[in-house]
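Participant: Whatever this is, show me its structure:
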Amino acid sequence: MVALAAGLTLAIALAGCAASGEGTPVTPATSSPEVEIITTGLDAPWSVVPVGTSFLVSERDSGRIVEVLPDGSTREAGVIADADGEGEGGLLGLAIRGDGDGSGELYVYLTTATDNRIQRFELRGEPGSLSLGASETVIDGIPSARNHNGGRIAFGPDGMLYVGTGDAGRSDASQDAASLAGKILRMTPEGDVPDDNPVDGSLVYSSGHRNVQGIAWAEDGTMFASEFGQNTWDELNVIEPGANYGWPVVEGIAGDAGNAGDAGNRDFVDPVQQWTPGDASPSGIAVAGGILYIANLRGERLRAVTLDDLSVATDYLVGEYGRLRDVIPSPDGGVFVLTNNTDGRGDPVEGDDRLVRVVRGE
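Facilitator: Now for the predicted structure:
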């Protein structure tokens with residue numbers, strides 16, 4: 001992907017939409033979106049990807065890859081045996097490389113007993129009877145812990161694999177250029193370092209992150225990432241190659257603090273939006289119809305950010321479906337949303353967890 005200098009300028013300029021001590025203003029939805037239940041009964045689901053007329057869903061604790069069929073029924077497509085569902089770890093992000101019609105490869109991000117890693121599997125069969133072939137490790141040795149494992153993976157417009165990692169409970173690792181923790185990584189589909197990465201020989205694409213769990217691109221190639229803060233601010237960031245987003249020196253909008261004091265001579269990039277964790281805890285993100293959608297856990301809402309004005313946000317489904325973990329585009333301009341109430345932190349009701357289709361209200 002060509003570096004978008006304009007995107008970085010926009011990120012810095014729009015950080016002024018809220019002072020460092022204020023959250024981004026959010027407008028309540030004026031009407032309820034149309035919601036269709038696709039399937040129910042998922043167990044701590046974490047990531048969803050479409051495959052033809054089906055979906056594949058990762059279950060964090062069980063290590064299962066579940067296929068959701070068009071009629072809403074489910075079947076087991078495979079089990080990732082090395083996934084260790086301790087704390088926030090386990091079977092996390094999914095990404096498809098290929099035509100997305102049942103052919104190609106399934107990439108999975110998982111926590112093992114010793115590390116976080118990415119494996120890929122040949123995707124066999126047709127939608128309705130999908131299964132996994134033999135596994136191959138793409139990369140291992142990403143630091144892991146009970147908390148802050150990151151886990152979102154996605155193929156960018158340039159065909160490279162992008163990986164959001166967490167600081168694995170060691171905040172200093174986010175500023176350590178030699179560590180893969182607290183970063184967004186960029187690699188070839190084989191796990192090699194691309195020739196045009198910001199630092200020769202390094203997989204690190206951006207640094208200074210606490211726990212990245214959402215990655216998406218606008219049609220013009222602008223890259224976005226959602227990030228969990230600690231106690232004060234969660235973030236939406238515009239990602240530029242080689243940029244530093246400040247954790248743990250700063251959390252949220254740094255303003256002048258990004259260039260002074262403990263920050264030394266570093267220039268930290270401010271988020272374009274920030275929210276208190278109780279109103280956010282952002283996980284998966286997706287772009288559809290000129291809108292950036294953000295699935296929120298503690299905030300229990302689907303947040304919509306207008307790409308024409310990154311200072312604008314509208315909340316939908318507030319408290320209606322509980323914790324929301326992932327969101328992906330649907331062909332009609334809406335989105336599919338994955339709930340996450342059975343992970344030990346939510347209050348599950350009958351039918352949880354669910355995959356739902358959402359068409360935004362005006």
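Participant: residue ranges with poor pLDDT in the stretch 251-362 of the chain?
Facilitator: For the stretch 251-362 of the chain, the stretches with pLDDT under 70 are 256-266, 361-362.
Participant: Spell out, range by range, the strands that occur in it.
Facilitator: 273-275, 282-288, 291-296, 301-306, 313-316, 324-329, 335-339, 355-359 (DSSP state E, counting those that start in this stretch).
Participant: So what are the sheet partners of the third one and their directions?
Facilitator: By that I understand strand 291-296. strand 282-288 (antiparallel), strand 301-306 (antiparallel) (DSSP bridges).
Participant: got the angle between it and strand 355-359?
Facilitator: Going by axes from the mean of the first three to the mean of the last three Cα atoms, to 10 degrees, strand 291-296 is angled at 140 degrees with respect to strand 355-359.
Participant: what does strand 291-296 rub up against?
Facilitator: The contact list for strand 291-296, computed with Cβ atoms under 8 Å, 6 or more residues apart in numbering, reads 214, 216, 218, 224, 226, 236, 279-287, 302-307, 323-327, 335, 337-338, 360. Placement of C-beta: from N, CA and C, glycine included.
Participant: Need the buried ones from those residues selected in ChimeraX.
Facilitator: Applying 16 or more other Cβ atoms under 10 Å to these leaves a buried subset, and the ChimeraX line that selects it is:
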select :214,216,218,224,226,236,279,280,281,282,283,284,285,286,287,302,303,304,305,307,323,324,325,326,327,335,337,338,360
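Participant: what's near enough to touch A286?
Facilitator: Contacts of A286 by Cβ under 8 Å, 6+ apart are A216, L292, Y293, V327, I328, P329, V335.
Participant: who's in contact with the spatially closest residue to it that is not a sequence neighbour?
Facilitator: Distance criterion Cβ to Cβ, 6 or more residues apart in numbering; nearest residue to A286, sequence neighbours excluded, is V327 at 4.7 Å. Shown in contact with V327 (Cβ under 8 Å, 6+ apart): G284, I285, A286, Y293, I294, A295, L302, V335, F336, V337, L338.
Participant: farthest-separated two in those residues?
Facilitator: I294 and F336 (14.1 Å; Cβ to Cβ).
Participant: higher neighbour count, those two?
Facilitator: The residue with more neighbours, out of I294 and F336, is I294; 28 against 21, by other Cβ atoms under 10 Å.
Participant: quick revisit: can you put the strands of the stretch 251-362 of the chain in CSV and add distance to G166?
Facilitator: Shown next, in CSV, are the strands of the stretch 251-362 of the chain (distance: least, Cβ to Cβ, whole Å):
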stretch, distance to G166
strand 273-275, 18
strand 282-288, 12
strand 291-296, 17
strand 301-306, 21
strand 313-316, 24
strand 324-329, 15
strand 335-339, 19
strand 355-359, 25
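Participant: sorry, back to before: let me have the contacts of A286 in CSV, extended by distance to P28.
Facilitator: Below are the contacts of A286 laid out as CSV (distance: Cβ to Cβ, whole Å):
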residue, distance to P28
A216, 24
L292, 18
Y293, 16
V327, 19
I328, 24
P329, 24
V335, 19
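Participant: Out of those residues, which comes closest to V272?
Facilitator: L292 (9.9 Å).
Participant: and the closest one, how many neighbours does it have?
Facilitator: Neighbour tally, L292, other Cβ under 10 Å: 26.
Participant: For it, give its distance to L92.
Facilitator: 21 Å (Cβ to Cβ, to the nearest Å).
Participant: got a list of what the residue nearest the centre of the chain touches?
Facilitator: A centroid search over the chain (Cα atoms, centre = their mean) returns G214, at 1.8 Å, as the residue closest to the centre. Contact partners of G214, counting by Cβ under 8 Å, 6+ apart, are R152, G164, F224, A225, S226, E227, P282, S283, G284, I285, I294, A295.
Participant: want to try TSV for those residues, with distance to S174 as columns?
Facilitator: Below are the contacts of G214 laid out as TSV (distance: Cβ to Cβ, whole Å):
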residue	distance to S174
R152	16
G164	12
F224	19
A225	13
S226	16
E227	11
P282	17
S283	19
G284	21
I285	20
I294	21
A295	23
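Participant: Closest one of those residues to E67?
Facilitator: Among the contacts of G214, and counting by Cβ to Cβ, the member closest to E67 is G284, at 19.1 Å.
Participant: How about the contacts made by the closest one?
Facilitator: With Cβ under 8 Å, 6+ apart, G284 has these contacts: S47, R152, Q213, G214, S226, I294, A295, R325, D326, V327, I328, L338.
Participant: Can you get me a residue count around G278?
Facilitator: For G278, using other Cβ under 10 Å, the count is 10.
Participant: ok, it touching L297?
Facilitator: No. Here G278 lies out of contact with L297, judged by Cβ atoms under 8 Å, at a distance of 10.5 Å.
Participant: what ranges of the stretch 51-200 of the chain fall below the confidence cut-off?
Facilitator: Across the stretch 51-200 of the chain (using pLDDT under 70), the flagged ranges come out as 99-103.
Participant: what separates stretch 55-72 from the chain centre, distance-wise?
Facilitator: A distance of 18 Å separates the centroid of the chain from that of stretch 55-72, by Cα atoms, centre = their mean, to the nearest Å.
Participant: Would you indicate which residues of it are buried?
Facilitator: Buried-residue list, stretch 55-72, by 16+ other Cβ under 10 Å: 55-69.
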